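In: give me a model of this one.
(2 chains)
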Protein chains: 2
Amino acid sequence: MTRQELISLIRERKSFLCVGLDTDPAKLPTHLQGTPDAVFQFNRAIIDATIDLCVAYKPNLAFYEALGIDGLRQLKMTMDYLHGLGKPAFTIADAKRGDIGNTSERYARAFLDPQGDFNFDSITVAPYMGADSVQPFMAYPGKWVILLALTSNKGAFDFQLLPTGNTSDSRNSSISSISSTSTPTAIPLYQRVLETSRQWGTDDNLMYVVGATKADMLADVRRLVPDAFLLVPGVGAQGGSLEEVCRHGMTADCGLLVNSSRGIIYASSGNDFAEAARAEALKLQQQMAALL
Amino acid sequence: MTRQELISLIRERKSFLCVGLDTDPAKLPTHLQGTPDAVFQFNRAIIDATIDLCVAYKPNLAFYEALGIDGLRQLKMTMDYLHGLGKPAFTIADAKRGDIGNTSERYARAFLDPQGDFNFDSITVAPYMGADSVQPFMAYPGKWVILLALTSNKGAFDFQLLPTGNTSDSRNSSISSISSTSTPTAIPLYQRVLETSRQWGTDDNLMYVVGATKADMLADVRRLVPDAFLLVPGVGAQGGSLEEVCRHGMTADCGLLVNSSRGIIYASSGNDFAEAARAEALKLQQQMAALL
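Out: As a prediction, the model looks like this:
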């Protein structure tokens, strides 16, 4: 899906909601538990109940991989169902991949190749291994990399916010020798990731993950990537505020995909799980319509 | 496999070789191409030809995922074969995973759970998301995290070698204000990853990836993690030197797993591929026996 198609879909549905399909068999409604392809049945019901209220779906690969090969089979059923619906939705493989070039090429094929089992529109990628670990995911026209910048978890503080200089090798160098060989201002690692990655892609094939739990940092993010789309997890279950995210992160083209997973798909554990999911998605869509 | 079992295996086989199973259908010998389960057949022949010369096997998940669900089925066949052989080998899921805590728990289950489809001894994990993205992989007794520190690719220079201060939030701070709030010496990000992660695990459940192409930095690595096992890719095809790696990285317990993938498994593309793989593995094992 191209950037323009995504923007049009956001305007048409008055929504920038992404529904996270973190489907956990232990949390399925009792009447589905133990039935064949229960994960797919659950996903299909959630999709049918929400597709006119959201613009994106984000299956979290870990939840399918944890079920082994059968889980991936049910993910494929879910993706085949989405592709056959005739109602567009931007699809995100939340897979956090990234490896040396010849290996990232294989991951790109696995998730983005139109001839592959899944044919996602995009994939989340971790930046630690640098340019050649990220660029192979940009080889498919109309497909996207969603690069981790500032994540919504507590561990984000361990490295993402470390002040960094910009020399390429600082072994044993002191701060003073760094300052002499780098910009006068040290910036946090996540901002370095934003800056450096601008050379790898464009606003048409590169988005960023910025957690809603750090909405106050969105102004800094927008200074570095004024027009890039941001995938924002952490609204709801993780405590992020939609208003805060929009205040600091929204652009003229919206520029946001805000994800909610547990808050929507587990709104009820009863037979009414799909209606309850729709009700939660509708609340968010109505807030989004007002904010657009 | 415990640390002591791994050390005993290294002494018994006089080898610290890890064979990387980066199995690519396009590179299979002609007589295997297009045959059922060709990837598994190839892996089985490589394992039979090398298991007495190596201590570990490292399937690269991307190569299996690129083949879709059928590729993962053949990975499971490969792991089932290894588990049934009656000859021990340390198994590494080279998967570069890592996500928020509840998601890393699922990835850990997918790859490390003895009841799961794969039951690997270890998994490679990316550090960018911090403590809660790594620690769930340490929940399985006798299983290991192999954390990315300094990788063998060119992109390693983009972020892993950036000088970092150690304050937890440097937004808009100048180098001088950093130096006042952090250690006087800035250290590269990969060293920060080594330092910080020591609080997450021990030498009994935490190893590190350090690329052979950066062997000159192994002395710095050993200063920070004197006894941790290191998984060293990049010998051979990527140009790293085994002697250099051992000079700077070997400990009294060896402390190294040196990986070779393409150099062994694609030593010949003919009917003699397994014999050729054995010959290449034997060359490395003999060098390793001399270095131990």
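In: quick one: the helices in chain A?
Out: A:3-13, A:38-50, A:61-65, A:69-84, A:101-112, A:131-134, A:156-159, A:175-181, A:189-197, A:218-224, A:242-249, A:262-265, A:273-291 (DSSP state H).
In: need the contact partners of the second one.
Out: Under the contact criterion CB atoms under 8 Å, 6 or more residues apart in numbering or on different chains, helix A:38-50 has outside partners A:19, A:21, A:23, A:25, A:28-29, A:32, A:35, A:57, A:59, A:64, A:67, A:71, A:74, A:77-78, A:81-82, A:85, A:89, A:264-265, A:273-275, A:277-278, A:281. C-betas here are computed from N, CA, C, even on glycine.
In: quick check: mean pLDDT of stretch A:263-273?
Out: Stretch A:263-273 shows a mean pLDDT of 96.
In: go on, stretch A:17-28?
Out: Averaged across stretch A:17-28, pLDDT comes to 97.
In: buried residues, it. List them.
Out: A:17, A:18, A:19, A:20, A:21, A:22, A:23, A:24, A:25, A:28 (16 or more other CB atoms under 10 Å in any protein chain shown).
In: repeat for stretch A:29-39
Out: By neighbour count on 16+ other CB under 10 Å, the buried set for stretch A:29-39 is A:29, A:32, A:38, A:39.
In: how about the first one, what does it touch?
Out: Neighbour list for residue A:29: A:42, A:268, A:269, A:270, A:271, A:273 [criterion: CB under 8 Å, 6+ apart].
In: what do you get if the cut-off is 6 Å, keeping everything else the same?
Out: A:269, A:270, A:273 (CB atoms under 6 Å, 6 or more residues apart in numbering or on different chains).
In: also the second one?
Out: With contact taken as CB under 6 Å, 6+ apart, residue A:32 is in contact with A:38, A:41, A:42.
In: ok, now how distant is the first one from chain B?
Out: Look at residue A:38 and chain B: by CB to the nearest CB, to the nearest Å, they are 16 Å apart.
In: and for residue A:200?
Out: Noted for residue A:200: a distance of 9 Å to chain B, by CB to the nearest CB.
In: and the pLDDT for that residue?
Out: Per the predicted model, pLDDT is 98 at residue A:200.
In: ok, how many other residues are close to it?
Out: Counted with other CB atoms under 10 Å in any protein chain shown, the neighbours of residue A:200 add up to 20.
In: what of residue A:275?
Out: For residue A:275, using other CB under 10 Å, the count is 13.
In: once you drop chain neighbours, what's closest to it?
Out: residue A:49 (6.9 Å; CB to CB, 6 or more residues apart in numbering or on different chains).
In: likewise for residue A:110?
Out: Closest to residue A:110 by CB to CB, 6+ apart is residue B:65, at 3.8 Å.
In: so which helix or strand of chain A has the lowest pLDDT on average?
Out: Scoring the helices and strands of chain A by mean pLDDT, DSSP states H and E places helix A:175-181 at the bottom, with a mean of 43.
In: and the pLDDT at the closest residue in space to residue A:251 that isn't next to it in sequence?
Out: Among residues not flanking residue A:251 along the chain, residue A:227 sits closest, at 6.0 Å (CB to CB, 6+ apart). Each residue has a pLDDT score; the one for residue A:227 is 98.
In: sorry, back to before: farthest pair in the buried residues of stretch A:29-39?
Out: A:29 and A:39 (12.2 Å; CB to CB).
In: any idea how far stretch A:83-100 is from the middle of the chain?
Out: Centre-to-centre, stretch A:83-100 and its host chain are 9 Å apart (CA atoms, centre = their mean, to the nearest Å).
In: and the helices of chain A, which one averages the lowest pLDDT?
Out: Among these, helix A:175-181 scores lowest, with a mean of 43.
In: ignoring the adjacent residues along the chain, who's closest to residue A:191?
Out: Per CB to CB, 6+ apart, closest to residue A:191 is residue A:224, 6.0 Å.
In: run a quick neighbour tally on that neighbour.
Out: 18.
In: distance-wise, check it relative to residue B:53.
Out: Distance, residue A:224 to residue B:53, by CB to CB, to the nearest Å: 50 Å.
In: over to residue A:194?
Out: Taken as CB to CB, the span from residue A:194 to residue B:53 is 46 Å.
In: now swap in residue A:49 and tell me
Out: Applying CB to CB to residue A:49 and residue B:53 gives a distance of 56 Å.
In: right, and residue A:246 touches residue A:290 too?
Out: No: Residue A:246 lies out of contact with residue A:290 (CB atoms under 6 Å); the separation is 9.7 Å.
In: give me the more crowded residue out of these two.
Out: Remark: of residue A:246 and residue A:290, residue A:246 carries more neighbours, 22 against 10, as counted by other CB under 10 Å.
In: dump the residue contacts of the more buried one.
Out: residue A:291.
In: for the spatially most central residue of chain A, what are its contacts?
Out: The residue lying closest to the centre of chain A (CA atoms, centre = their mean) is residue A:231, at 4.7 Å. Contacts of residue A:231 were listed using CB under 6 Å, 6+ apart, and they are A:146, A:207, A:209, A:257.
In: I figured the residue nearest to residue A:251 hits residue A:203, correct?
Out: Yes: under the criterion of CB under 6 Å, residue A:227 makes contact with residue A:203 at 5.0 Å.
In: residue in the stretch 1-150 of chain A nearest to chain B?
Out: In the stretch 1-150 of chain A, the residue that lies nearest chain B is residue A:130 (2.4 Å; CB to the nearest CB).
In: can I assume that residue is in contact with residue B:158?
Out: Yes: under the criterion of CB under 6 Å, residue A:130 makes contact with residue B:158 at 3.3 Å.
In: just give me the neighbour total for residue A:82.
Out: Count around residue A:82 with other CB under 10 Å applied: 21.
In: ok, now how distant is it from residue B:68?
Out: 17 Å.
In: sorry, back to before: residue contacts, the residue of the stretch 1-150 of chain A closest to chain B?
Out: B:155, B:158, B:159.
In: also residue A:153?
Out: Taking CB under 6 Å, 6+ apart, one finds B:100, B:132 in contact with residue A:153.
In: measure it to residue A:60 for me?
Out: 13 Å.
In: sorry, back to before: just send the buried residues of stretch A:29-39 back as TSV, with distance to residue B:120 too.
Out: Shown next, in TSV, are those (distance: CB to CB, whole Å):
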residue	distance to residue B:120
A:29	33
A:32	30
A:38	26
A:39	23
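In: between those residues, which sits nearest residue B:242?
Out: Using CB to CB, the buried residues of stretch A:29-39 come closest to residue B:242 at residue A:39, 45.9 Å.
In: if I look at the nearest residue to residue A:279 once chain neighbours are set aside, how far off is residue A:19?
Out: Setting aside the residues directly before and after it, residue A:279 is nearest to residue A:267 in space (CB to CB, 6+ apart), at 6.7 Å. From residue A:267 across to residue A:19, the span is 11 Å (CB to CB).
In: does residue A:155 touch residue B:134 like I think?
Out: No: counting by CB under 6 Å, residue A:155 stays clear of residue B:134, with 7.6 Å between them.
In: re earlier: farthest pair in the buried residues of stretch A:17-28?
Out: Longest span within these, CB to CB: A:17 and A:25, 24.5 Å.
In: OK, now which residue of the stretch 151-292 of chain A is nearest to chain B?
Out: residue A:155 (2.4 Å).
In: pLDDT score assigned to that residue?
Out: 97.
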